[in-house]
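What shape does this take:
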Amino acid sequence: MSHRFLNQKLKEKGLKITRQRKDIFNLLNSNKKKHMSAEEIQNEIVKKESNLGIATIYRTLQHFVDSGIAIKHDFDDGKSRYELKVDDSSHNHHHLICQKCGSIIEVNLDLMEELENQIEKNFDFEIKNHTVKVYGICKNCKR
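Modelled structure (predicted):
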């Protein structure tokens with residue numbers, strides 16, 4: 001993803017691109033397979049620059065979510081986690097969450113299509129999106 005995308009999305013919401021927003025965007029962009037919390041983002045950014053406050057990070061992440069730049073996830077561990085939104089397709093990917101080590105594995109299969117079709121037909125309900133979180137034990141922890 002580019003800074004052009006970031007700038008466009010922020011501009012649509014009347015927001016400017018700042019150094020802090022660029023830094024957070026770059027960090028999320030370079031960690032695409034991770035689902036980072038605000039605290040993890042702060043820990044990484046502080047290594048590279050001085051003192052970016054947690055409140056600024058939370059505000060920036062909320063701007064990113066509101067602008068369609070990022071997705072906020074709740075994996076039932078008491079922390080909100082964030083990742084960049086890859087595209088504007090109607091469905092997000094799903095997640096496998098290890099209950100031992102906390103690792104999060106992305107699943108890019110959409111096996112819900114048949115169920116969605118039945119729900120829409122039987123309940124006259126237009127589905128816009130869904131989330132699937134599967135909890136279990138990852139292959140590394142099973143060893």
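
And for residue 85, nearest residue in space, chain neighbours not counted?
Spatial nearest neighbour of residue 85, excluding adjacent residues (Cβ to Cβ, 6 or more residues apart in numbering): residue 71 at 5.2 Å. All C-beta atoms are positioned from the backbone trio N, CA, C, and that covers glycine.

before we move on, what about residue 21?
Leaving aside its sequence neighbours, residue 21 sits nearest to residue 60 (Cβ to Cβ, 6+ apart; 5.4 Å).

my read: that neighbour touches residue 20, true?
Yes. At 6.2 Å, residue 60 counts as touching residue 20 under the criterion of Cβ atoms under 8 Å.

about what we covered before: in three-state terms, label the residue nearest to residue 85 for me.
Put simply, residue 71 is strand when judged by DSSP: H, G, I helix; E, B strand; the rest coil.

just the one 10 residues further on next, same as before
Following three-state DSSP, we place residue 81 in the strand state.

Counting neighbours, what do you get for it?
Applying other Cβ atoms under 10 Å, we find 20 residues neighbouring residue 81.

Could you pull up the contacting residues of the closest residue in space to it that isn't next to it in sequence?
Nearest residue to residue 81 in three dimensions, chain neighbours excluded: residue 35, at 3.9 Å (Cβ to Cβ, 6+ apart). Residues in contact with residue 35, defined by Cβ atoms under 8 Å, 6 or more residues apart in numbering, are 73, 75, 81, 82, 83, 95, 104.
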